[in-house]
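> Quick one, what's the 3D model for this:
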Amino acid sequence: MHRYDTHRKSIGYLLWIFGFIGAHRFYYGKPISGTIYFFTLGLLGIGWIIDLFLIPAMDDEADLRYFAGDVDYSLAYILLTFLGIFGVHRMYMGKWISGVIYLLTGGLFGLGFLYDFWTLNDQVSVRNRRTVHA
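Residues are numbered from 1 along each chain as shown. Presented below is the predicted three-dimensional model:
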């Protein structure tokens, strides 16, 4: 597989709608600023508006940084954003045990859900590399 087009601008803009929680920043592999957005409601809305214009550059950077493969980053992030506390994104990646644990514990009481926002890009990239090398 090739190393491009791992993330989509359309999904970035969809997650931007929920930008006050930093979803689009996490999607593009920016967990520190995503966390800041989460706790400041998108830098009180100012950063959120600015990001409307920064998404194309963030998308290009993510496409260069992450490894494409069988697991789709966009679908994984949509599942995480909307169904993360139920572990659906983990089940999608083949992590059935932790997915069921998330289902039974509300995403490990919300902490695992936040952890996955920080690490999902790397989790998907590792999974995609293993699939290619298997």
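
> State the three-state secondary structure for the closest residue to I11 other than its chain neighbours.
When the adjacent residues along the chain are set aside, I11 lies closest to S74, with 4.2 Å between them (CB to CB, 6 or more residues apart in numbering). Heads up, the C-betas are built off the backbone N, CA and C, glycines and all. Of the three states, S74 takes helix under DSSP: H, G, I helix; E, B strand; the rest coil.

> how about S74, what does it touch?
Residues in contact with S74 (CB atoms under 8 Å, 6 or more residues apart in numbering) are H7, R8, I11, Y27.

> ok, and for the lengthiest helix in the chain, which residues are buried?
Secondary structure of the chain read by DSSP state H shows that its longest helix is helix 111-133. By neighbour count with 16 or more other CB atoms under 10 Å, helix 111-133 contains the buried residues G112, F113, L114, D116, F117, L120, N121, Q123, V124, S125, R127, N128.

> Most widely separated two among the residues you listed?
By the measure CB to CB, L114 and N128 form the most distant pair in these, at 22.9 Å.

> so L52 makes contact with I17?
No. The pair L52 / I17 is not scored as a contact, 10.3 Å apart, by CB atoms under 8 Å.
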